[in-house]
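[1] coords below, sequence missing:
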């Protein structure tokens, strides 16, 4: 009598893997093009109006790509504002639609409830503090199991999915005149178009820092195995 092997469920469902890599492509394009957009005017303001005659809230210390923007440097960088804005807008729509698909599929299939919502034992401040301490000390327990997430990972992913990413989209749309003409409240709630631009930068920096930490932990946990799991769906048991 033969025993049939029981197929184990994939570490990452197919919709998670597809949306993950589409988001990676979109975010890389957004980051590269966004840097070019910032270089065209590396001064940031608060409120509705901001220009070279307005006192900035802060200035990023880099040369501009436009000679009309005062930066304190005696030269300007090549102006790449045309292609960078076009790529930024196209990548933003890809990120938006991918995010919507991920949210809808995640809710319908119970992905957030099963994999991202912290378990009862992990919801205490003590559990989060212990996990954070393990992360800062690069202990093996901080990397999480190859088939599950620890408490800090779950909270971090929920923060990115339901707070930072939506805020990035909101602040981006609030800078689009065509969109705000139809939905003026989207920019009014943020305090103005320049406030939206400044907040957009702040959220971008937060997401970049999250990505750096995320990739660093993957490297220490076993880069090849974790990336393979996100490509094929299978994962090796933790060492």
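    All right, it came through fine. None of these values were measured; they are calculated from a predicted model.
[2] where do the strands sit along this structure?
    Ranges of strands in the chain, per DSSP state E, are 43-44, 58-59.
[3] what's the last one packed up against?
    Identification of packing neighbours for strand 58-59 by 3 or more CB pairs under 8 Å, 6 or more residues apart in numbering; DSSP states H and E yields strand 43-44. C-betas here are computed from N, CA, C, even on glycine.
[4] the strand it packs on pairs with which strands?
    Under the criterion DSSP bridges, strand 43-44 sits next to strand 58-59 (antiparallel) in its sheet.
[5] list the contacts of the strand it pairs with.
    Strand 58-59 is contacted from outside by 42-44, 71, using CB atoms under 8 Å, 6 or more residues apart in numbering.
[6] go with 6 Å
    With contact meaning CB atoms under 6 Å, 6 or more residues apart in numbering, strand 58-59 is reached by 43-44.
[7] quick one: mean pLDDT over it.
    Averaged over strand 58-59, pLDDT sits at 96.
[8] stretch 17-35 now?
    96.
[9] going forward, begin numbering at 674 instead of 1
    Sounds good: first residue 674 from here, last item stretch 690-708.
[10] and residue 752, which of the strands of the chain is closest to it?
    Of all the strands of the chain, strand 716-717 sits nearest to residue 752, with 16.2 Å by CB to CB.
[11] list the residues that contact residue 847.
    Contact partners of residue 847, counting by CB under 6 Å, 6+ apart, are 859-860, 863, 869.
[12] cutoff 10 Å now
    Contact analysis of residue 847 by CB atoms under 10 Å, 6 or more residues apart in numbering lists 853, 856-866, 868-870, 872-873.
[13] residue 741 too?
    Counting by CB under 10 Å, 6+ apart, residue 741 touches 714, 724-725, 749.
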